[in-house]
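Colleague: pasted the sequence and its predicted model underneath.
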Amino acid sequence: MKHHQYNSNFLFIKEPIEFDKYTKKEILQFCLGATLYMPGKKNILNSIKEKKLIGLTSMVMCFEDATAEEDLPIAENNVLEILEKLSVDLENETINQNDIPLFFLRVRTIEQFKNFTDRLTKKHLKILTGFVFPKFTTKNGYLYLSHLRELNNKFQELIYGMPILESAEIAFKETRSYELTGIKNLLMPYKDLILNIRVGATDFSSKFGVRRGIDYSVYDILTIRDCLADILNFLNREGEDYVISAPVWEYFLANKNMKFESLPEGDIHNSLLKRNLIVDEAIDGLLREVILDKANGFVGKTIIHPSHLKYVNAMQAVTREEYEDAKQILDTQGGVIKSKNSNKMNEINPHRNWAKKIFAKSQAYGVIENEKTYLKLFM
């Protein structure tokens with residue numbers, strides 16, 4: 001797989017790399033980008049085999065909130081059929097590993113996780129990248145992670161986990177620090193198996209009876225912003241270095257002929273901040289939130305509609321100036337130097353952690369000229 005395949009004629013300063021589930025974790029954890037969630041009973045097989053969702057590089061089939069309890073057996077059998085058919089195609093070389101998006105399953109409970117994985121074979125796990133653990137807490141986390149380790153040992157196949165932080169213990173301030181400290185300690189022995197940490201802003205919002213509108217971002221809701229800030233503080237700090245994916249944007253006004261009203265004269269950031277229409281109010285709202293996601297240290301984003309794929313992934317690309325600053329910092333031993341553009345100070349030690357992440361993102365999403373170029377990458 002490779003990002004931005006929907007725009008194969010785009011000229012990058014530095015091309016994004018190809019990746020699959022066996023790419024080194026240090027890079028793969030940055031590669032998920034826009035992760036498309038869908039119900040477990042959705043028939044996605046032909047869409048994968050025929051590459052109908054251009055730009056899809058990571059996906060989650062959900063056995064939890066997106067699947068009614070009475071539909072769980074149907075969803076499980078559907079997913080097993082998909083895994084079986086894709087694994088046969090892989091063995092017969094009618095598809096290759098690069099044709100398969102990073103494929104995750106969101107389990108319902110620890111019991112369902114264990115029962116379902118009893119039905120899997122090693123060849124199924126060549127298709128699966130991992131499992132997503134909903135409402136992950138200090139109470140259930142060990143059970144999920146210990147079973148994940150058992151699966152890796154049993155099948156001798158790399159299988160990742162992605163906890164979703166969305167519980168009341170994190171939402172409510174009086175228990176949040178204790179819970180996040182416990183989760184941080186719980187994750188540590190399993191860090192090699194944690195590909196991303198995900199956050200559930202919709203579940204957080206439900207605890208307070210709020211919901212963001214299409215005209216503003218999740219960061220405008222004070223209680224949710226506090227949750228996200230503390231999750232980043234505990235798990236995205238220097239020395240922890242988990243890659244944390246941004247919460248879902250809930251709005252879409254999608255059609256196959258979405259076009260730009262007009263190309264903004266300045267860069268996309270200025271146009272969005274001035275609320276000049278770029279695509280439509282739903283996509284523009286998404287883009288504004290992605291800018292804030294990136295500024296706060298999130299990488300990638302959960303999505304619920306294919307129309308969001310190219311916008312989220314395009315916005316992960318690194319500009320030439322960011323890339324040159326990162327390279328300069330990583331190639332210098334210490335001290336303070338003027339940036340190549342002579343417009344900022346690059347202080348080597350304080351900026352090194354930032355530079356490492358920018359360099360990893362440049363490999364995953366490529367390097368583009370500047371902020372104006374994002375618009376060309378969308379096309």
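Modeller: Sure thing, it's come through.
Colleague: show me what contacts the nearest residue to Gly141 once chain neighbours are set aside?
Modeller: If the residues on either side of it in the chain are set aside, Gly141 comes closest to Leu186, at 4.8 Å by CB to CB, 6 or more residues apart in numbering. All C-beta atoms are positioned from the backbone trio N, CA, C, and that covers glycine. Remark: with contacts taken as CB atoms under 8 Å, 6 or more residues apart in numbering, Leu186 is in contact with 138, 141-142, 145.
Colleague: check which helix or strand covers Leu186.
Modeller: When secondary structure is defined using DSSP states H and E, the element that contains Leu186 is helix 173-187.
Colleague: check which element follows that helix along the chain.
Modeller: Once the chain leaves helix 173-187, the next helix or strand it forms, by DSSP H and E, is strand 197-199.
Colleague: what's that next one packed up against?
Modeller: Secondary-structure packing of strand 197-199 (3 or more CB pairs under 8 Å, 6 or more residues apart in numbering; DSSP states H and E): strand 160-165, helix 222-235, strand 244-245.
Colleague: how far does whichever helix or strand comes after the shortest one sit from the chain's center?
Modeller: Scanning the chain past strand 244-245 towards its C-terminal end, the next helix or strand to appear is helix 268-273 (assignment: DSSP H and E). Computed by CA atoms, centre = their mean, to the nearest Å, the chain-centroid distance of helix 268-273 equals 23 Å.
Colleague: what sits against the most centrally placed residue in the chain?
Modeller: Taking CA atoms, centre = their mean as the criterion, Gly300 is the residue nearest the geometric centre of the chain, at 3.9 Å. For Gly300, the contacting residues are 30, 32-35, 58, 196, 243, 245-246, 312, 316, by CB under 8 Å, 6+ apart.
Colleague: wait, Met1 touches Phe103, no?
Modeller: No. The pair Met1 / Phe103 is not scored as a contact, 11.1 Å apart, by CB atoms under 8 Å.
Colleague: any buried residues in the helix holding Leu186, and which?
Modeller: For helix 173-187, the buried set under the neighbour-count rule, 16 or more other CB atoms under 10 Å, comprises 176, 179-180, 182-183, 186-187.
Colleague: which of the helices and strands packed on strand 197-199 is buried the deepest?
Modeller: Taking mean count of other CB atoms under 10 Å as the contact definition, the stretch among these with the greatest mean neighbour count is strand 160-165, which reaches a mean of 25.
Colleague: next secondary structure after that strand?
Modeller: The C-terminal neighbour of strand 160-165 among helices and strands, as given by DSSP H and E, is helix 168-171.
Colleague: helices or strands up against that following helix?
Modeller: helix 173-187, helix 201-208, helix 222-235.
Colleague: give me the sheet partners of the lowest-mean-pLDDT helix or strand in the chain and which way each runs.
Modeller: Least confident element among the helices and strands of the chain, by mean pLDDT, DSSP states H and E: strand 336-338 (a mean of 78). Strands adjacent to strand 336-338 in the sheet, as given by DSSP bridges, are strand 345-347 (antiparallel).
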